[in-house]
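Visitor: A structural model of the following input is requested.
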Amino acid sequence: MLDETIDNLKEDIIKTTQELIKIPSVYSKSNDKEKPFGENVNSALEYILDLGKKLGFRTKNIDGYCGYIEFGEGSELLGIIGHLDVVPEGTGWTFPPFSGTISDGKIFGRGAIDDKGPVVSSLYAMKAVMDNYKLNKRVRLIIGLNEENDWKCIDYYKSHEEAPTVSFSPDADFPCIYAEKSILSCYIKENYKNNKIKIRDIDCNNNALNVVPKFCSLILEIDEQELNINNLIKTLKDLIKKHDFEIDIYKLSNTEVKLTSYGVGAHAAHPDLGINAISRLLFILSLTFEKYKCNLELLDFFKKYINTEYNGKSLGIYCEDESGNLTINVGDFYIDNDVIKIGMNLRIPINTPISDIENTFKNLCNNYSNLHFETTSTEDFLYVPKDNKLVQTLCRIFNKETNSNAEPIAIGGATYARAFKNCISFGPNFPGHKDMCHQTDEFIEINTLILACKIYAKAILELGK
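Guide: Numbering: from 1, shown residues only. Here you go, the predicted model:
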């Protein structure tokens, strides 16, 4: 009955996903108290709440910070936690990133898999259950708007609304996720003093710390009394060729040269799947500054302890457990008011305290006279034992619907499952499928969108009994 209902809703599911993708719901600063995350993010919330009303649900806009769509009766609350904000579009798309283009059985666009498509699947799964069954719990789709930044949306929800009794988040992978690593976002900074080579006009294309950067450019300006621009360019070209990096060099004048580094974007939880444009440029700069005896401690620190390593071995803090190993993504590089900074996003195995990693960085920085370590945000790990009833139930439903025998998994990503107790992530990415979250040409397969909807409907029915 549920499958047939969802098949009849297929065109609506596809169209709704496309319409949501067309709203460029990237966070922007706002002075409007009713739209705290910007006009476009608010438009996405209004669209989904209006649709929820049309489908027959109860809805609520919670002061522009978040919203919910709900049906059913009862004292207990089954929550489904999703978000409509997206990371910046990036560059190099085959189709416009906010077009919702369909090609080769896929819907392309920023947010297709993270998290607009899954939110739509969840909404129509609720519709299928509501129209066919009576539950003894309320079912509430909680819609966040600031997940890609600092979760102010979910913090606001928790301080103003009821927490679910049990919940899942369609924000990661099937069959389900029982463990998520801790996260540390941080910067190493140095008071910048001009050398005979000066760095300026750094542009990382507004890259987010939790994204492997695919672009970084800057200008090097030299002191003509100390250096010859052609000699510098030859040094740069030789180093770039030796290391086989994709970095372009443009001579702007007899004192200026522009470097543009290109990489491959990926989620910071899987930095090995990308090519880090910032890291490669920093490495070339570190070797160049070393050759010309330009003292910039930040570059020396990078070369010694971070470089292109992803797993922390160069820091001397390699750690690994059932949730995986330590990973590092250099996601930002900039100069602000004569302070030069490198920003990083680390995913830390669940058995390693975040403070251990922070202390390691601080101790390493103490070996330099002018380096400072700064933590900007942390997120504690999530761990729900594999034998937990919620984990077992969701895993069983997935395996039954897909005729598989998959086991619960651990990831480096942070999902909305961390928002509440007794909550884990559940889809929509299938085992063996490429994770397009935060990547160029992000997409969701239409078959995945519909099958996920059917799986979510079965989960809502069983958990809502």
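Visitor: any idea how far residue 113 is from residue 119?
Guide: Counting by Cβ to Cβ, to the nearest Å, the separation of residue 113 from residue 119 is 11 Å. Quick note: C-beta positions are derived from backbone N, CA and C, even for glycine.
Visitor: what pLDDT does the model give the most centrally placed residue in the chain?
Guide: In the chain, the residue lying closest to the centroid (Cα atoms, centre = their mean) is residue 210, at 5.1 Å. With respect to pLDDT, residue 210 scores 86.
Visitor: phi, psi of it?
Guide: phi -90, psi 20 (degrees, to the nearest 10).
Visitor: per-residue confidence for the nearest residue to it once chain neighbours are set aside?
Guide: Spatial nearest neighbour of residue 210, excluding adjacent residues (Cβ to Cβ, 6 or more residues apart in numbering): residue 268 at 4.2 Å. The score at residue 268 is 88. That number is its pLDDT.
Visitor: kindly report the same for residue 462.
Guide: Taking residue 462 on its own, its pLDDT is 95.
Visitor: my read: it touches residue 398, true?
Guide: No: Residue 462 is beyond contact range of residue 398, at 11.8 Å (criterion: Cβ atoms under 8 Å).
Visitor: more neighbours, those two?
Guide: The neighbour comparison of residue 462 against residue 398 (other Cβ atoms under 10 Å) goes to residue 398, with 23 against 12.
Visitor: show me what contacts that one?
Guide: By Cβ atoms under 8 Å, 6 or more residues apart in numbering, the residues touching residue 398 are 174, 175, 176, 404, 406, 426, 427, 455.
Visitor: grab the nearest non-local neighbour of it.
Guide: Ranked by Cβ to Cβ, 6+ apart and with sequence neighbours excluded, the top spatial neighbour of residue 398 is residue 175, at 4.1 Å.
Visitor: repeat that for residue 34.
Guide: Nearest to residue 34 is residue 64, by Cβ to Cβ, 6+ apart, at 4.6 Å.
Visitor: now do residue 146
Guide: Nearest residue to residue 146, sequence neighbours excluded (Cβ to Cβ, 6+ apart): residue 153, at 4.0 Å.
Visitor: would that neighbour count as being in a strand?
Guide: No: counting by DSSP: H, G, I helix; E, B strand; the rest coil, residue 153 falls outside a strand, being helix.
Visitor: doesn't residue 142 make contact with it?
Guide: No: the pair residue 153 / residue 142 is not scored as a contact, 9.3 Å apart, by Cβ under 8 Å.
Visitor: now for these two: what residues contact both?
Guide: Common neighbours of residue 153 and residue 142 (criterion: Cβ under 8 Å, 6+ apart): residue 66.
Visitor: before we move on, back to that, ok, the residue nearest to the centre of the chain - contacts?
Guide: Applying Cβ under 8 Å, 6+ apart to residue 210 gives the contacts 87, 148, 185, 267, 268, 269, 329, 331, 345, 438.
Visitor: wasn't residue 230 part of a helix?
Guide: Yes: per three-state DSSP, residue 230 lies within a helix segment.
Visitor: residue 405 is in contact with the residue nearest to residue 398, correct?
Guide: No: assessed by Cβ under 8 Å, residue 175 is found out of contact with residue 405, at 9.3 Å.
Visitor: near the closest residue to residue 198 other than its chain neighbours, how many other residues are there?
Guide: Nearest non-adjacent residue to residue 198, counting by Cβ to Cβ, 6+ apart: residue 221, 4.4 Å away. Using other Cβ under 10 Å, residue 221 has 17 other residues around it.
Visitor: show me where the stretch 101-250 of the chain has its helices.
Guide: Taking DSSP state H, counting those that start in this stretch to define them, one finds helices in the stretch 101-250 of the chain at 117-132, 152-160, 229-243.
Visitor: counting contacts, what elements does the shortest one pack onto?
Guide: Here helix 152-160 touches strand 58-62, strand 66-71, strand 138-144, going by 3 or more Cβ pairs under 8 Å, 6 or more residues apart in numbering; DSSP states H and E.
Visitor: the inter-axis angle of it versus strand 138-144?
Guide: The directions of helix 152-160 and strand 138-144 differ by 140 degrees, with axes from the mean of the first three to the mean of the last three Cα atoms, to 10 degrees as the criterion.
Visitor: likewise the longest one?
Guide: Helix 117-132 and strand 138-144 meet at an angle of 160 degrees, taking the same axes, to 10 degrees as the criterion.
Visitor: could you give me the buried positions within helix 117-132?
Guide: Residues of helix 117-132 classed as buried by neighbour count (16 or more other Cβ atoms under 10 Å): 117-130.
Visitor: so which of those residues is the closest to residue 168?
Guide: Set against residue 168, the nearest of these by Cβ to Cβ is residue 122 (9.1 Å).
Visitor: who are the contact partners of the closest one?
Guide: 80, 82, 141, 170, 453, 456.
Visitor: please apply the same query to residue 103.
Guide: Residues near residue 103 by Cβ under 8 Å, 6+ apart: residue 95.
Visitor: quick one: low-confidence parts of this protein?
Guide: 308-318 (pLDDT under 70).
Visitor: can you give me the domain boundaries for it?
Guide: 2-180+382-463, 182-379 (automatic domain parsing).
Visitor: highest mean neighbour count out of those domains?
Guide: Ranked by mean neighbour count, those are led by domain 2-180+382-463 with a mean of 20 (mean count of other Cβ atoms under 10 Å).
Visitor: can you show me the strands along the stretch 201-350 of the chain?
Guide: Per DSSP state E, counting those that start in this stretch, the stretch 201-350 of the chain carries strands over the ranges 211-212, 215-222, 247-251, 256-262, 266-267, 320-321, 324-325, 327-336, 339-348.
Visitor: can you lay out those as JSON lines showing distance to residue 299?
Guide: As requested, the strands of the stretch 201-350 of the chain are arranged in JSON lines below (distance: least, Cβ to Cβ, whole Å):
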{"stretch": "strand 211-212", "distance to residue 299": "20"}
{"stretch": "strand 215-222", "distance to residue 299": "12"}
{"stretch": "strand 247-251", "distance to residue 299": "15"}
{"stretch": "strand 256-262", "distance to residue 299": "14"}
{"stretch": "strand 266-267", "distance to residue 299": "24"}
{"stretch": "strand 320-321", "distance to residue 299": "29"}
{"stretch": "strand 324-325", "distance to residue 299": "26"}
{"stretch": "strand 327-336", "distance to residue 299": "10"}
{"stretch": "strand 339-348", "distance to residue 299": "9"}
